[in-house]
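Q: need coordinates for the following:
(4 chains)
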2 protein chains.
Amino acid sequence: MTDFHLDDFMPYQLAVLSSQISREFAELYTDRFGLSVPEWRLVAHLSQTREPVSVREIFERVDMDKSKVSRAASRLEQRGYVIKSVNPSDRRLVELRLSENGRAMVEELAPLARRYDQRCLEALGEAEPAFREAVRLLLESRRASGDT
Amino acid sequence: MTDFHLDDFMPYQLAVLSSQISREFAELYTDRFGLSVPEWRLVAHLSQTREPVSVREIFERVDMDKSKVSRAASRLEQRGYVIKSVNPSDRRLVELRLSENGRAMVEELAPLARRYDQRCLEALGEAEPAFREAVRLLLESRRASGDT
DNA sequence: TTGACTTCGTTGCAGTTGCAACGATATTGG
DNA sequence: CCAATATCGTTGCAACTGCAACGAAGTCAA
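A: Numbering: from 1, shown residues only, chains lettered A, B, ... in the order given. The predicted model follows:
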């Protein structure tokens, strides 16, 4: 027995926590719209702007391999939630954006997401804002150093 | 554009954060010992006690499917890090525990893990203990309600 | 302009995953 | 004791994943 304590080891704790949460939340959008996790992530990301977004921009921010993004985008296009087009000024780039259907789906999902989010952190009580801030900080710090 | 803000949505933020961290940390043990992520998780769990642990106990706590645990255990047994045996008093149960080699591996990994853990939360400054506590709380709250 | 080099997204492939089904074992009720 | 039911871990399978290789498109320097 070393003095290594799993309960204090954040990479492990975070992995367990986030995969539990993610799977739990996933029920909401798989039941209703048949989205996979990567598909939901892509949609969620696209919902943040009306500007078209390239595959590259997404996998850089979202920690998905570019092939994952690419395949998610194709499936979503097939089902009519996403529109893919070629960027005219740089034809290597693919522009992704939500279709009307896609936006409607997000409209419907958004309140569920917000509610789940709240219920999820309920246990924290007044520590909740501090926790949110901490997560934000960690992500930011690792953007700064990480991808150089 | 709905008023859904991804930056405030914890399931998403946690997923990104934890997968980045997990992948980053994974380099340490894949480089040195050729462990996959589930294998490391199993080893880490087993390192917490000298008592043998059943497959069931592990996948309940660690958010891995039982087949994942089972396969990780087999590979680790082949490589001599884990010992599998049948529980004599209930022959359905498989007892898992670390071999000597397995313990030696953990001895070597533990300091790296601790150091990484620290460096990881460094950005939080004095907010770090509060963050750790919050994560602990969340996991606990969800054990209480979740698996009934 | 041309040729070397870079960047972008897709695809082939081998390995991994989750789920359901299974055999083996244990428990329960009559 | 036996039959019905439940639990445990493994395995088959189809889907998914990450990586590397690729073609297409752009950039840069000579």
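Q: count of neighbours near A:Ser85?
A: For A:Ser85, the count of nearby residues is 11 (other CB atoms under 10 Å in any protein chain shown). C-beta: built from backbone N, CA, C; applies to glycine.
Q: would it count as being in a helix?
A: No - read with DSSP: H, G, I helix; E, B strand; the rest coil, A:Ser85 is strand and lies in no helix.
Q: I'd like to know how far it sits from A:Val94.
A: Separation of A:Ser85 from A:Val94 (CB to CB, to the nearest Å): 7 Å.
Q: check A:Ala127 too.
A: Per CB to CB, A:Ala127 is found 42 Å from A:Val94.
Q: who touches A:Ala144 in this structure?
A: The contact partners of A:Ala144, by CB atoms under 8 Å, 6 or more residues apart in numbering or on different chains, come to none.
Q: what's the closest non-adjacent residue to the most centrally placed residue in chain A?
A: Of all residues in chain A, the one closest to the mean position by CA atoms, centre = their mean is A:Arg41, 3.5 Å from it. In space, and not counting its chain neighbours, A:Arg41 is closest to A:Val62: 5.7 Å by CB to CB, 6 or more residues apart in numbering or on different chains.
Q: list the residues that contact the one you found.
A: Counted by CB under 8 Å, 6+ apart, A:Val62 has contacts A:Arg41, A:Leu42, A:His45, A:Val69, B:Val16.
Q: mind running it again at 7 Å?
A: Neighbouring residues of A:Val62 by CB atoms under 7 Å, 6 or more residues apart in numbering or on different chains: A:Arg41, A:His45, B:Val16.
Q: can you put the residues you listed in a markdown table and add pLDDT?
A: Formatted as a markdown table, the contacts of A:Val62 follow (pLDDT from 0 to 100):
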| residue | pLDDT |
| --- | --- |
| A:Arg41 | 97 |
| A:His45 | 97 |
| B:Val16 | 96 |
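Q: separation between A:Asp90 and A:Arg119?
A: Distance, A:Asp90 to A:Arg119, by CB to CB: 43 Å.
Q: quick check: residues of chain A near DNA strand C?
A: Contact residues (CB under 7 Å from any atom of the strand) of chain A with DNA strand C: A:54-56, A:66-67, A:69-71, A:73-74, A:84, A:92-94.
Q: now the strands for chain A?
A: With DSSP state E, the ranges of strands along chain A come out as A:53-54, A:82-86, A:94-98.
Q: mean confidence for the first one?
A: Just to be clear, that refers to strand A:53-54. The pLDDT scores in strand A:53-54 average 98.
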